[in-house]
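J.: Predicted model and sequence below, questions to follow.
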Amino acid sequence: MRVLCATDLHQSPLHYEALRQAVAEHKPAVVAMVGDFLHGLDEADGELLPVPECAQLLAGLTADHVVFVRGNHEDHKWVEFAAAWPSPKRKLVTLYGSAYTAGPLTMIGFPCLTGSEFHWCNQLEVPELPGDTEAWLPAVLAKTGPAGRTLWLMHECPVGLPISHPGDLNPAWTDAVDKYSPRLTISGHDHDTPRGNNTWHYRNGDTVCVNAGQAKRTFHFVLIDLEFPTATPSLPARIKVRAYPWNKEITF
């Protein structure tokens with residue numbers, strides 16, 4: 001099964017069009033938008049793609065599943081985005097301390113502890129989650145079983161790794177990775193550290209942590225190919241991750 005993960009598009013027309021082209025070329029079964037697909041500030045470095053057009057483009061991607069995780073920029077514009085989502089065409093799938101299964105693949109989406117969660121949670125009609133993952137993650141994993149340790153989507157990087165800056169991030173994400181050893185985590189938020197340290201991934205014990213990164217004029221994304229031993233939800237036997245435009249890959 002193939003998954004394409006992208007983060008930090010910030011309503012950039014260039015990035016949205018590049019995403020559409022990447023999905024058409026690589027034909028993933030799942031597209032995971034790992035936060036900041038909107039731009040929660042009034043000012044921007046360039047022209048922003050209108051929110052309704054963002055919703056229409058993402059809903060029209062040629063993938064079987066499109067899922068969303070909140071970033072720190074999904075604030076008041078999230079209400080407009082959700083209203084513009086063409087629901088008869090495709091269900092709006094949001095992961096917020098919850099799991100989603102697509103064939104044999106199970107993904108868990110984390111909350112984002114920077115930026116306001118008010119509009120996101122209000123639209124989903126769910127309470128805001130605490131930063132302490134022990135308050136909600138064990139219950140999610142109890143439902144998914146081992147398959148829930150396949151792929152974790154978290155906009156903020158686990159701290160203390162060469163792919164992340166410790167600034168305003170939550171050490172609880174790192175604690176959860178250390179305790180439960182997911183096979184793979186995908187993050188964004190920190191646009192600069194991966195390029196500054198010339199690395200886009202880091203092995204933390206039994207977990208490979210990836211920062212999908214982003215740049216202003218070059219579209220960054222991650223392609224994941226997973227091989228499963230059965231057609232039912234399970235841990236993958238093999239994972240290959242390719243980072244673009246780095247054109248580098250790891251297999252584990």
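T.: Cool, the structure landed.

J.: who touches the helix or strand that contains Thr106?
T.: Using DSSP states H and E, Thr106 sits in strand 105-109. With Cβ atoms under 8 Å, 6 or more residues apart in numbering as the test, strand 105-109 has contacts from 1, 3, 30, 32, 67-69, 94-101, 137, 140-141, 144, 147-148, 150-154, 182, 226, 228, 233, 236. Bear in mind the C-beta positions are built from the backbone N, C-alpha and C, glycine included.

J.: Repeat that for stretch 202-209.
T.: 157-158, 161-163, 174, 177-178, 181-185, 187, 201, 239, 241, 250, 252.

J.: Could you list which of those residues belong to strands?
T.: Leu184, Thr185, Ser187, His201, Ile239, Val241, Ile250 (DSSP state E).

J.: Pick the one among those residues closest to Val222.
T.: Closest approach to Val222 among the ones in strands among the contacts of stretch 202-209 (Cβ to Cβ): Val241, at 6.2 Å.

J.: Just after the strand holding Thr106, pick out the following helix or strand.
T.: helix 118-124.

J.: now for the helix or strand following that next one, which elements pack on it?
T.: Toward the C-terminal end, the helix or strand that comes next after helix 118-124 (DSSP H and E) is helix 137-144. Contact here means 3 or more Cβ pairs under 8 Å, 6 or more residues apart in numbering; DSSP states H and E; on that basis helix 137-144 packs against strand 98-102, strand 105-109, helix 171-180.

J.: Now a ChimeraX select for only the buried ones of the contacts of stretch 202-209.
T.: To isolate the buried members of those in ChimeraX, using 16 or more other Cβ atoms under 10 Å:
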select :157,158,161,163,174,177,182,183,184,185,187,201,239,241
